[in-house]
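Engineer: mind folding the following:
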Amino acid sequence: MHAASPQPQPVVTPAPGPPLRLGRGDGSQLTIGDGTIRLMAILNLTPDSFFDGGRYAGAAAVRRAEELVAQGADILDVGAESTRPGAPEVPAQEEWRRLAEVLPELRRAALPVVLSVDTRHAEVAERAADEGVCLLNLPFPQDLLGQRSPAALQALLRRFDGLVLMHARGTPQTMAGMCHYEGPVAEQVAAELVATCAQLCGGDLTQRVIFDPGLGFAKDAEQSLALLGRLGWLRARLGRPLLVGASRKSFLGWATGLPVQERLIPSVAAAVLAAWQGAAIVRVHDVVETRAALRLVAAVRQAAGGGHEP
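Structural biologist: Below is the predicted model of the structure:
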């Protein structure tokens, strides 16, 4: 049993602002935060990602991107460094080498999808912006501090239509030992996300922020499940759109006893739980199955008197 928790302190949140408009590769725009559930498809270019490591690189990755868009992905999140617990750090030069085989081809393809890059390196983010990437997904956003001067960092972040700030502590190598939270995990995650946002995003940049609670990052399985159950509270407290990534993660295995290759159903269930609590974006490996489930969520909401189609 957990000890009684102290009363949570008030959190000063970023201004809600209008819905975000993210540029797609074909020149159109995608709206985030208008009540519509968006699907972010994962495209890993890494040899060591926990689920699909080594499957996609170069031309195979471009074909996979086209397949994901055809399946209904709204956002394509391209990553070239695994940040799973214990993953070794990939130098920025090697990370960019992997991305450089794919991002220019995706830009030329002009797909009707938002391009996102998942990175911890300012240098990689800069080069991705040069290739038309509109969404910067920061799994360890605090890592950017110190990589550029404050003015240069602000200039870099302003190159993106949207900024995903994920909650994490430490590094992929150390985060598993940083799971102690004073009081309820959701309250502490909210406070730390707001503090990170204040450090990185001054002025109107806060209106480009999308928060990610970081399920599985410096959280044990029970903490990740607790966060998954409090997303509605977290969204209200933070005042910004939420991105939730639960797909195939180990806490789903802990809860169900299933290995990673058999976690499709728990992954879809987690996406439905996130969407039902108001998440704006769910980040997934399995687009077809998740989209079908989210259509049911939208249909129930519509029948009950409100909501949008995913």
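Engineer: list the buried residues in stretch 261-268.
Structural biologist: For stretch 261-268, the buried set under the neighbour-count rule, 16 or more other CB atoms under 10 Å, comprises R263, L264, P266, S267, V268. The way it works is simple: take the backbone N, C-alpha and C, and place the C-beta from them, glycine included.
Engineer: out of those residues, what pair is the most spread apart?
Structural biologist: Taking every pair in those and measuring CB to CB, the maximum separation is 9.4 Å, between R263 and V268.
Engineer: run through the strands of the stretch 101-250 of the chain in chain order.
Structural biologist: In the stretch 101-250 of the chain, the segments counted as strands under DSSP state E, counting those that start in this stretch are 114-118, 135-138, 162-166, 209-212, 243-244.
Engineer: so which of the ones you listed is nearest Q93?
Structural biologist: For the strands of the stretch 101-250 of the chain, proximity to Q93 was assessed by CB to CB; strand 114-118 is nearest, at 15.5 Å.
Engineer: flag every buried residue along the closest one.
Structural biologist: So, applying 16+ other CB under 10 Å, buried residues of strand 114-118: V114, L115, S116, V117, D118.
Engineer: next, the nearest residue to the second one once chain neighbours are set aside: phi, psi?
Structural biologist: Translated: L115. What sits nearest to L115 in space, not counting adjacent residues and going by CB to CB, 6 or more residues apart in numbering, is V133, at 4.6 Å. For V133, the backbone dihedrals (degrees, to the nearest 10) come out as phi -70, psi 130.
Engineer: which residues touch the host helix or strand of A65?
Structural biologist: A65 is located in helix 58-71, with elements delineated by DSSP states H and E. Among residues not part of helix 58-71, those counted as contacts by CB atoms under 8 Å, 6 or more residues apart in numbering are 41, 43, 45, 55-56, 76, 78, 101-102, 105-106, 109, 111-113, 287-288, 291.
Engineer: give me that answer again for 6 Å
Structural biologist: Contacting residues not belonging to helix 58-71 are listed as 41, 43, 45, 56, 76, 101-102, 105-106, 111, 113, 287-288 [CB atoms under 6 Å, 6 or more residues apart in numbering].
Engineer: same question, stretch 154-163
Structural biologist: Here stretch 154-163 makes contact (CB under 6 Å, 6+ apart) with 20, 22-23, 122, 126, 129, 134-136, 205, 208-210.
Engineer: please tell me how far G278 sits from L238.
Structural biologist: 11 Å (CB to CB, to the nearest Å).
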